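**Student:** Quick one, structure for this:
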Amino acid sequence: MKSGIYMLMIIAAVLTGPGVNAWGASDVLPENIYNPGKLKPVDSTLKVKIGEPAPDFSLPSVSGETVTLSDYRGNKNVVLSFVPAAWTPVCSDQWPGYNIVKMLFDENDAILLGITVDNIPTLYAWTKQMGALWFPVLSDFWPHGEVASRYGVLRSDGVSERALFVIDKEGILRAIHVADINVRPDLEWCAVELKKLSP
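**Tutor:** From the prediction side, this is the model:
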């Protein structure tokens, strides 16, 4: 079964490659997207390392609940997906793409937490346009970018990097990927890293 899911990830990565809209995004979303143009690929310095405990946090979610990272300790592996900004092209493609591979997270006893520095009303409107996302969408708006800053992925212009952090059930960082902000991370990366956490 795991090899089947792994193959699904590779197929999904091909089907949602650069320039291809992610499945599940609203048809009206593209006309509401702001294109910031080409940005400096990475503009921050990591403050965390693999093998260290992941900094804990509590953030408000679009659903109205507060999500605390440490609540998953002992229960779930966690993938943090920081994205720079709502209503931008790559971010609007990246998150709906995770809908394709929800089974991968389920199979590896993992949850995805989406994080951006946008405020809740902005995230509410944006996620409505993208369509239903299966994972919590969290606002790191105030204090502005505090969580992104603690992880070392807050850029000098106040948005976060496009970054992924894999955290095991003990709350330890097991993988980090800070991507070029202009490019959606390959879905296969999550598949490979989550598989490493399976017994």
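**Student:** ok, the nearest residue to Glu161 once chain neighbours are set aside - contacts?
**Tutor:** Spatial nearest neighbour of Glu161, excluding adjacent residues (Cβ to Cβ, 6 or more residues apart in numbering): Val153 at 4.0 Å. In short, each C-beta sits where N, CA and C put it, glycine included. The contact partners of Val153, by Cβ atoms under 8 Å, 6 or more residues apart in numbering, come to 44, 46, 82, 160-161, 163, 178.
**Student:** All the helices of the protein, residue numbers only.
**Tutor:** 2-15, 89-100, 102-107, 120-130, 146-151, 187-197 (DSSP state H).
**Student:** and among those, the most buried is which?
**Tutor:** Ranked by mean neighbour count, the helices of the chain are led by helix 89-100 with a mean of 22 (mean count of other Cβ atoms under 10 Å).
**Student:** For the contacts of Val153, give me JSON lines that also has neighbour count and pLDDT.
**Tutor:** Output for the contacts of Val153, formatted as JSON lines (neighbours: other Cβ atoms under 10 Å; pLDDT from 0 to 100):
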{"residue": "Ser44", "neighbour count": "18", "pLDDT": "97"}
{"residue": "Leu46", "neighbour count": "15", "pLDDT": "98"}
{"residue": "Phe82", "neighbour count": "26", "pLDDT": "98"}
{"residue": "Ser160", "neighbour count": "25", "pLDDT": "97"}
{"residue": "Glu161", "neighbour count": "24", "pLDDT": "97"}
{"residue": "Ala163", "neighbour count": "24", "pLDDT": "98"}
{"residue": "Val178", "neighbour count": "21", "pLDDT": "98"}
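**Student:** picking up where we left off before, how far away is the residue nearest to Glu161 from Ala163?
**Tutor:** Separation of Val153 from Ala163 (Cβ to Cβ, to the nearest Å) stands at 5 Å.
**Student:** can you list residues touching both of those two?
**Tutor:** 82, 178.
**Student:** picking that back up, is it possible to get the helices of the chain out as CSV so that each row also shows distance to Gly171?
**Tutor:** Formatted as CSV, those follow (distance: least, Cβ to Cβ, whole Å):
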stretch, distance to Gly171
helix 2-15, 24
helix 89-100, 22
helix 102-107, 18
helix 120-130, 25
helix 146-151, 14
helix 187-197, 13
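**Student:** pLDDT weak spots in the chain?
**Tutor:** For the chain, residues meeting the criterion pLDDT under 70 lie at 1-29.
**Student:** Give the bridge partners for the spatially most central residue of it, please.
**Tutor:** Nearest to the mean C-alpha position of the chain, counting by Cα atoms, centre = their mean, stands Ser81 at 1.9 Å. In this entry, Ser81 is beta-bridged to Gly114, Leu164, by DSSP bridges.
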